[in-house]
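K.L.:
pasting the sequence and the predicted coordinates here, then a few questions.
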Amino acid sequence: MKYEIGDFVSKPVTGICKIEDILYLDSQGEKNNKLYYLMRPVEDERETLYVPVVNTASGLRLCLTNEEAWKLIKRIPEIPTAWTDNEKMREQKYKEAVKSNSPESLVAIIKMIYQRKQKRIAQGKKSTATDAKYFQIAENLLYMELGMALGQPKEEVCKTIIDFINKSGQEDQSENGTTL
């Protein structure tokens with residue numbers, strides 16, 4: 001078995017879940033000798049999810065550790081945006097990033113949507129509804145996981161990232177003999 005009771009896992013679209021139990025499900029009186037993870041999403045502990053243990057397509061993975069979270073944060077400036085100009089392809093990229101359950105993919109679309117928003121504001125336009133929707137979804141999923149790894153509320157994660165990147169940028173400049 002890949003995961004154990006008590007593990008926190010990241011599930012595509014849903015986010016962070018705690019594995020509460022591993023059990024055989026008896027659906028409508030049929031014994032089907034299939035093991036399932038009984039999980040509860042951290043954001044809604046009233047919800048119950050059952051994911052087959054053998055379902056490799058479920059996209060489950062262990063949550064990032066503190067060390068892995070900091071490695072990701074350090075790499076954020078280097079992660080390329082998932083840029084595409086085609087409207088239909090863009091939404092498809094958003095969906096794929098969310099389904100992939102990859103923190104790097106979430107960072108890539110957050111960066112792209114942020115850049116698009118700045119560009120649109122400069123043109124006197126608003127952010128599109130699709131951009132706003134996926135920006136919120138991606139930020140929630142990423143910040144929830146990073147917050148858990150860093151031991152802080154997800155609402156503080158964005159500030160932590162910005163502070164770290166700004167501090168790193170200042171250190172890089174002072175090493176090169178330049179100042180702000």
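P.N.:
Arrived safely, thanks for sending. Residues are numbered from 1 along each chain as shown.
K.L.:
need the nearest residue in space to Ser58, chain neighbours excluded.
P.N.:
Beyond its immediate neighbours in the sequence, the residue positioned closest to Ser58 (C-beta to C-beta, 6 or more residues apart in numbering) is Val51, lying 5.0 Å away. C-beta here means a position set from N, CA and C on the backbone, and glycine is covered the same way.
K.L.:
quick one: secondary structure of the one you found?
P.N.:
When classified by DSSP: H, G, I helix; E, B strand; the rest coil, Val51 comes out as strand.
K.L.:
run a quick neighbour tally on it.
P.N.:
A count of nearby residues for Val51, using other C-beta atoms under 10 Å, gives 19.
K.L.:
per-residue pLDDT, it?
P.N.:
pLDDT, Val51: 90.
K.L.:
which stretches of the chain form helices?
P.N.:
Listed in chain order, the helices found in the chain under DSSP state H are 66-75, 87-100, 103-122, 129-150, 154-175.
K.L.:
and Asp21, which of the ones you listed is closest to it?
P.N.:
helix 129-150 (20.3 Å; C-beta to C-beta).
K.L.:
what helices or strands is that closest one leaning on?
P.N.:
The criterion is 3 or more C-beta pairs under 8 Å, 6 or more residues apart in numbering; DSSP states H and E, and the helices and strands that helix 129-150 contacts are strand 8-11, strand 15-27, helix 66-75, helix 87-100, helix 103-122, helix 154-175.
K.L.:
any regions of the chain where pLDDT drops low?
P.N.:
With pLDDT under 70 as the threshold, the chain has low-confidence stretches at 1, 27-32, 56-57, 170-180.
K.L.:
could the helices and strands packed on helix 129-150 go into CSV alongside distance to Met39?
P.N.:
What follows is the helices and strands packed on helix 129-150, written out as CSV (distance: least, C-beta to C-beta, whole Å):
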stretch, distance to Met39
strand 8-11, 7
strand 15-27, 4
helix 66-75, 21
helix 87-100, 18
helix 103-122, 19
helix 154-175, 19
